[in-house]
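>>> Could you look at this predicted model? Sequence included:
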Amino acid sequence: MIDYQQLAADIKAWGQELGFQQLGITDTDLKSHEAALQAWLDAGHHGEMDYMARYGMLRARPEELLPGTLRVISARMDYLPPKARFGEILGDGDKAYVSRYALGRDYHKLLRARLKQLGERIQAACGDYQFRPFVDSAPVLERPLAAKAGLGWVGKHSLLINPQGGSFFFLGELLVDLPLPVDKPADSDRCGKCVACMTICPTQAIVEPYVVDARRCISYLTIELKDAIPEQFRPLIGNRIYGCDDCQLICPWNRFAHLSSEPDFAPRSALHGPQLLELWAWDEARFLKVTEGSAIRRIGFERWQRNIAVALGNAPFSEAVVAALTARLPQASDLVAEHIHWALAQQQGRRDQQQAQKSGQQKARLVRAVQKGLPDSA
């Protein structure tokens, strides 16, 4: 007979051996989240992510993904790299900012492989049973599950926050048909009155506490959106070419975040604060080579160029930027060309502004020079 209490303890120890910072176990009941999920879908907050609506309430019913599922093992793994250089890169309009989670190897593959190893280790210990690992690969409400499993609580920015580890971590799930003892859920709300994440969001995508309108979110606009980025959001994107970390950067709980020791999450130098013009000079072959095994590759070269064009439009005025944008126009797709034209107009506006300021300064100097030559009675 299996001692499930001991097995649960062993599973958590094995998980840490596999590189996870924490594991928790919960049942599959997410009925209390169905109404909020339906309201979010009804409001259209999922944007063009049709798969969200397509699976509907299946996201709140993990037992339907693997019939016979009794428990969900939720796991988290830190990804914050040493020398993340948040402020340095975000504060330099000539550089490109990539969300910290995407600087290294694609986490989907790494976490899924580790969860599969965990499932096989459980299988070796207790015999034949069903398991299935998920890492953003199935319609699962992973954050509510993680909260039920005791890994943290869902913050007002909709991300999971751990009181000892902040929010810079990935989540993954292992569905099992074993009657393991469940863990105590995390506190439902430790954000209190803090609204820092809502205030700092460049596009005001957190439309109310715990509710994100993806259609306004920079991560959605630069990653999930396949079409043109709405003009109203382009200036607000700044130099963020893939994702956004602002709501996490401002969160006071991230003073407890831990740096990742996982070698595969180490930043690739070509993606860690490069000059925008360097990235703009890439052809598709270069893009595919640098992003091999990276989550970034999923957006494709066209959207990569679209995003960089927007960032170049937001960059300080430069003749080199104008020349680079103009040179790319003849071979650009319609989507990219639209964003290049917008960027050129932004650059032109910035140049006109600089020239007006320079002209004003010259006039002021001339007036001061003339005034110095006037008699005291003037």
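Cool, got the structure. Numbers count the residues shown, from 1 in each chain.

>>> Tell me which stretches of this structure form strands.
Using DSSP state E, the strands of the chain run over residues 22-26, 71-78, 97-98, 131-134, 153-154, 160-161, 169-176, 206-208, 211-212, 240-242.

>>> out of the ones you listed, nearest to R234?
R234 lies closest, by Cβ to Cβ, to one member of those: strand 240-242, at 11.1 Å. (Glycine included, C-beta is placed from N, CA and C.)

>>> Remind me what that closest one packs against, helices and strands.
strand 97-98, helix 300-314 (3 or more Cβ pairs under 8 Å, 6 or more residues apart in numbering; DSSP states H and E).

>>> The first one: partners in the sheet, and parallel or antiparallel?
Pairing partners of strand 97-98, with direction, according to DSSP bridges: strand 240-242 (parallel).

>>> ok so, going back, so which of the strands of the chain comes closest to F256?
Nearest to F256 among the strands of the chain is strand 160-161; the distance by Cβ to Cβ comes to 9.3 Å.

>>> In TSV: the strands of the chain, plus distance to V140 and mean pLDDT.
What follows is these, written out as TSV (distance: least, Cβ to Cβ, whole Å; pLDDT from 0 to 100):
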stretch	distance to V140	mean pLDDT
strand 22-26	12	98
strand 71-78	8	98
strand 97-98	26	98
strand 131-134	6	94
strand 153-154	14	96
strand 160-161	13	97
strand 169-176	6	96
strand 206-208	22	97
strand 211-212	18	96
strand 240-242	24	98
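
>>> Of the ones you listed, which is nearest H272?
Nearest to H272 among the strands of the chain is strand 97-98; the distance by Cβ to Cβ comes to 7.5 Å.

>>> contact partners of the closest one?
The list of residues contacting strand 97-98 from outside it, by Cβ atoms under 8 Å, 6 or more residues apart in numbering, reads I89, L90, G238, N239, R240, I241, Y242, G243, L271, H272, G273, I296.

>>> ok, back up a step: deepest-packed of the helices and strands packed on strand 240-242, please.
The highest mean neighbour count among those, using mean count of other Cβ atoms under 10 Å, belongs to strand 97-98: a mean of 26.

>>> Quick one: distance of that one to the chain centre.
10 Å (Cα atoms, centre = their mean, to the nearest Å).

>>> Next, give phi and psi for the residue positioned nearest the centre of the chain.
Nearest to the mean C-alpha position of the chain, counting by Cα atoms, centre = their mean, stands G243 at 4.6 Å. When read as degrees, to the nearest 10, the backbone of G243 gives phi 80, psi -180.

>>> returning to that earlier point: mind putting the strands of the chain in JSON lines, distance to F256 included?
Listed next are the strands of the chain as JSON lines, based on distance: least, Cβ to Cβ, whole Å:
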{"stretch": "strand 22-26", "distance to F256": "13"}
{"stretch": "strand 71-78", "distance to F256": "11"}
{"stretch": "strand 97-98", "distance to F256": "23"}
{"stretch": "strand 131-134", "distance to F256": "27"}
{"stretch": "strand 153-154", "distance to F256": "14"}
{"stretch": "strand 160-161", "distance to F256": "9"}
{"stretch": "strand 169-176", "distance to F256": "11"}
{"stretch": "strand 206-208", "distance to F256": "21"}
{"stretch": "strand 211-212", "distance to F256": "23"}
{"stretch": "strand 240-242", "distance to F256": "25"}
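
>>> re the thing from before, between the contacts of strand 97-98, identify the one with the most neighbours.
I241 (29 neighbours; other Cβ atoms under 10 Å).

>>> Okay, that residue and G172: tell me how far apart.
Look at I241 and G172: by Cβ to Cβ, to the nearest Å, they are 26 Å apart.

>>> do R216 as well
Distance, R216 to G172, using Cβ to Cβ: 27 Å.

>>> For these two, work out which one has more neighbours and name it.
Set side by side, R216 and G172 show more neighbours around G172, with 27 against 21, by other Cβ under 10 Å.

>>> What sits closest to V321 if chain neighbours are left out?
Closest residue to V321 apart from its sequence neighbours, by Cβ to Cβ, 6 or more residues apart in numbering: L312 at 5.3 Å.

>>> what's near enough to touch the one you found?
L276, L277, W280, V321, A324, L325, A343, Q347.

>>> and what of S167?
Going by Cβ under 8 Å, 6+ apart, S167 touches G152, G155, L159, L160, I161, Q248, C251, W253, N254, A257.
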